[in-house]
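Colleague: Generate a structure from the sequence data that follows.
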Amino acid sequence: MSFTPPDPFTTRPTLRGTFGMAASTHWLATATAQSVLERGGNAFDAATAAAFVLHVVEPHLNGPGGDMTGVFSTAEEPGRPVVLMGQGPAPAGATVEHYRSEGLELVPGSGALAAAVPGAVDAWLLLLRDHGTWELAEVLDFAIGYARDGHPVLARVGATISAVSELFREHWPTSAELWMPGGRIPAEGELITNPAHARTLQRLVQAGAGIGEAAGTAAAHTREARIDAARREWSEGFVASAMARAVQTPHRHSSGTDHRGVLTTADIAGFRAGYEEAVTLEFRGHTIAKTGPWGQGPALLQTLAILDGFDDEHLDPSTELGAHTILEAQKLALADREAYYGDADVPLDYLLSAEYAAERRQLITESASHEFRPGHVPGREPYMPLLRTEYVPPALADDDGGSVTGSASRRGAAAGVGEPTVERTGETRGDTCHIDVVDRWGNMVSATPSGGWLQSSPAIPELGFCLGTRLQMMWLEPGTPSTLTPGKRPRTTLTPTLVLREGASVTALGSPGGDQQDQWQLLYLLRTIVGGYSPQQAIDAPAFHTTSMPGSFWPRTWEPGGAVVEDRLGDEVIAGLERRGHRVTRAGDWTLGRLSAVVRDPAMGVLQAAANPRGAQGYAAGR
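Modeller: You can find the predicted model right below:
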């Protein structure tokens with residue numbers, strides 16, 4: 001086999017054991033998950049407890065007002081991947097006509113007009129109810145403690161608050177009060193608290209604890225009934241009321257203009273998280289399971305289908321030929337993502353067919369493409385988005401129509417924009433979160449919580465968090481596969497992965513990173529499945545991604561032929577990519593990729609875990 005051997009040095013070992021493993025983007029969440037496993041909980045108890053901790057300790061990356069997607073399998077059905085759907089839809093008032101009447105050309109990247117119905121909390125509680133074993137009070141105790149008593153704040157939290165401090169002071173006073181008490185930005189390692197957040201979680205617990213007395217029936221005393229009571233308190237009680245009231249106050253959006261939101265209590269009460277069948281593809285003896293095309297997950301499957309027709313030499317991310325081939329395959333799949341994906345009738349069978357993959361494969365040449373090239377599906381016209389290399393909202397242009405990008409108004413309006421991810425220069429504004437857990441019984445879950453970042457929209461004082469901005473992924477043009485439509489889910493970037501082999505789940509994998517999530521996971525899959533790397537070797541290896549597609553987040557720009565690479569890919573490989581026509585941006589040595597993974601060998605019962613060293617934040621634990 002022609003494949004670059006892994007570096008024998010790894011930043012930390014691939015953990016191995018038989019009891020249980022957890023890996024996430026923050027050590028406190030990983031420790032929480034492992035603590036639950038040690039006390040007899042299963043993978044679903046552990047993941048849920050860790051997810052609520054992530055809301056507290058990574059508030060710049062996710063929050064209760066955001067969303068999540070997961071994919072899991074149970075010990076009883078190890079060969080059946082199931083998607084946990086926690087992506088809320090557009091509210092009833094979120095119409096193209098309304099947003100256009102507000103003078104908008106794009107759904108803003110920050111502010112309550114970009115808020116979908118929050119889906120994360122209901123999804124986690126649903127998973128806990130149906131597949132967990134612990135009481136809600138036990139599960140939420142970790143997060144309540146960190147919010148009430150404090151946790152050492154990350155440097156990135158302070159940096160994020162600093163970036164949006166002007167916006168907070170001038171336009172979002174509730175956020176300034178919550179995150180800049182006394183006007184001061186918290187320092188790294190300082191203990192910070194969020195009493196309002198703690199009280200919100202405590203009220204959810206109390207709602208469940210009080211249902212038995214109110215109903216007076218044996219059925220009401222079940223664990224499931226208590227969790228459902230907390231779900232109702234979230235969607236129909238004080239939380240929903242506070243959210244709906246908050247959006248009625250006009251506030252600054254990334255457009256540079258002030259607007260009210262459109263989310264109502266009826267929108268929140270009408271949403272319930274649920275389960276869906278995963279979309280799968282066979283690749284080199286493995287089954288890769290993803291969400292449906294209301295997320296970007298099938299684009300990874302399309303990329304693998306294209307690459308499956310090449311020999312191993314073309315699949316090595318550490319070589320010029322391999323990196324070039326992978327980048328070109330990703331461009332083709334991501335073009336189809338823009339042209340066809342959404343919460344609608346997507347011709348996925350055709351897009352994932354071997355025949356279509358072979359057709360797309362023929363478009364890959366020795367040179368980098370700078371074109372946007374979606375494929376042609378019989379009976380369908382691909383949507384061709386307006387391809388912008390830069391964008392300045394009308395309200396933020398000067399009198400002559402020019403850009404005021406360098407002005408304070410521009411910086412303040414845009415500071416809270418988007419799913420915070422990696423800039424094309426490699427600068428990190430933050431990321432989403434991710435967690436993977438496997439237990440000794442064989443339950444396995446991969447989940448990507450996101451949205452509701454502290455920089456998304458004004459904080460809701462009585463709740464201790466804000467709403468998300470997922471609607472920015474929908475278009476205000478008619479006829480697109482993801483046009484803003486009430487009741488439709490935005491085509492999310494959240495894309496966890498489950499890998500199966502011989503009828504059983506063997507890997508739970510994921511990464512933060514917006515449009516880069518599946519691109520970085522692809523490198524892991526190629527290096528482990530084809531190259532034989534261990535999990536930690538694959539995570540540590542040099543990463544890259546393409547920016548040659550319209551971004552999923554405001555302001556929806558693209559860079560034709562763009563490729564962002566870690567310098568560790570090597571001068572020779574990088575120079576080769578440039579000779580082939582890639583517009584390469586060097587991002588530094590350890591800047592790209594935020595992966596974590598847990599692995600299970602069903603035959604031997606051995607478990608493994610690995611986590612990302614970049615940013616000195618992600619950790620794995622297990623025994």
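Colleague: contacts, neighbours, all on C-alpha from now
Modeller: Noted.
Colleague: Now do stretch 592-609, average pLDDT.
Modeller: Stretch 592-609 comes out with an average pLDDT of 95.
Colleague: in it, what counts as buried?
Modeller: Neighbour counts over stretch 592-609 (16 or more other C-alpha atoms under 10 Å) mark 592-602, 606-609 as buried.
Colleague: residue ranges of the strands in the stretch 201-350 of the chain, please?
Modeller: Assigned by DSSP state E, counting those that start in this stretch, the stretch 201-350 of the chain shows strands spanning 251-252, 258-259, 274-277, 279-283, 286-290.
Colleague: same question, the stretch 401-550 of the chain
Modeller: With strands called from DSSP E, counting those that start in this stretch, the stretch 401-550 of the chain shows them at 435-439, 444-450, 497-501, 504-510, 544-546.
Colleague: Would you tell me which of those strands gets closest to residue 112?
Modeller: Nearest to residue 112 among the strands of the stretch 401-550 of the chain is strand 444-450 (16.0 Å), distances taken as C-alpha to C-alpha.
Colleague: relative to strand 497-501, how tilted is that closest one?
Modeller: Using axes from the mean of the first three to the mean of the last three C-alpha atoms, to 10 degrees, the inter-axis angle of strand 444-450 relative to strand 497-501 is 160 degrees.
Colleague: Pull up the distance across stretch 308-319, start to finish.
Modeller: Using C-alpha to C-alpha, to the nearest Å, one end of stretch 308-319 lies 17 Å from the other.
Colleague: Could you pull up the mean pLDDT of that stretch?
Modeller: Stretch 308-319 carries an average pLDDT of 97.
Colleague: Which one, of the strands of the stretch 401-550 of the chain, ends up nearest to residue 353?
Modeller: Closest approach to residue 353 among these is made by strand 497-501 (19.3 Å; C-alpha to C-alpha).
Colleague: looking only at pLDDT, what's the mean for that closest one?
Modeller: Strand 497-501 comes out at a mean pLDDT of 98.
Colleague: and if you look at stretch 560-572?
Modeller: Per-residue scores along stretch 560-572 average to 97.
Colleague: low-confidence ranges in this structure?
Modeller: Within the chain, the segments meeting pLDDT under 70 span 1, 211-220, 396-431.
Colleague: for the residue nearest to residue 229 when sequence neighbours are not counted, what are its contacts?
Modeller: Nearest residue to residue 229, sequence neighbours excluded (C-alpha to C-alpha, 6 or more residues apart in numbering): residue 208, at 5.0 Å. Residue 208 makes contact with 225, 226, 227, 228, 229, 230, according to C-alpha atoms under 8 Å, 6 or more residues apart in numbering.
Colleague: Between those residues, which sits nearest residue 345?
Modeller: Of all those, residue 228 has the smallest distance to residue 345: 31.7 Å, by C-alpha to C-alpha.
Colleague: Look at the closest one and say how many residues are nearby.
Modeller: Neighbour count of residue 228, defined by other C-alpha atoms under 10 Å: 20.
Colleague: measure it to residue 221 for me?
Modeller: Using C-alpha to C-alpha, residue 228 is found at 11 Å from residue 221.
Colleague: try residue 442
Modeller: Computed as C-alpha to C-alpha, the residue 442 to residue 221 distance reads 29 Å.
Colleague: Look at those two and report which has more neighbours.
Modeller: residue 442 (26 against 17).
Colleague: Noted, bye for now.
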